[in-house]
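**Q** Kindly generate the corresponding structure for this input.
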Amino acid sequence: MDGDTKKSIGLAAGVSTGVGFLWGVDPELVKHFLSETAQSQIAQAGFFFTMAAWLHAGRVKKEIGRNFEALTAALNSMATALRKDLDGHREILANHGTRLDNLEKPKPE
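**A** Residues are numbered from 1 along each chain as shown. As a prediction, this is how the structure comes out:
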């Protein structure tokens with residue numbers, strides 16, 4: 001877990017405890033409710049599904065980041081290659097212009 005997630009969980013636990021004490025909720029009642037909820041198969045499946053989804057989301061974000069970096073590097077490499085190719089063509093065309101000028105000069109008689 002990262003720091004923000006830990007802070008969020010701690011904040012939620014603290015707020016729920018504070019609200020429980022303010023409303024006069026018996027801690028044993030809360031403990032009993034959480035115990036019954038933990039024994040429910042639906043709650044267990046939901047908890048594990050949520051954890052799996054959370055872990056999967058983190059991995060997907062990392063994978064997307066890596067793929068985006070690879071795509072950006074490939075685009076930069078392609079742009080560099082195209083720029084070099086255009087520079088080469090520019091030099092060729094510049095040489096052709098000089099050669100054509102020389103060919104068009106009339107012969108001295």
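
**Q** Regarding the protein, what is its longest helix?
**A** Longest helix in the chain, counting residues (DSSP state H): helix 41-104.

**Q** Show me what that one is packed up against.
**A** With contacts defined as 3 or more C-beta pairs under 8 Å, 6 or more residues apart in numbering; DSSP states H and E, helix 41-104 has no helix or strand neighbours. Bear in mind the C-beta positions are built from the backbone N, C-alpha and C, glycine included.

**Q** Would you mind listing where the protein has pLDDT under the threshold?
**A** Under the criterion pLDDT under 70, the flagged ranges of the chain are 1-26, 38, 96-109.

**Q** how close does G58 get to N95?
**A** As judged by C-beta to C-beta, to the nearest Å, G58 and N95 stand 56 Å apart.

**Q** For the two, work out which one has more neighbours and name it.
**A** Taking other C-beta atoms under 10 Å, G58 and N95 do not tie; G58 has more neighbours (13 against 10).

**Q** What angle do helix 41-104 and the helix or strand encompassing E28 make with each other?
**A** Here E28, judged by DSSP states H and E, is contained in helix 27-39. Here helix 27-39 points in a direction 60 degrees away from that of helix 41-104 (axes from the mean of the first three to the mean of the last three C-alpha atoms, to 10 degrees).
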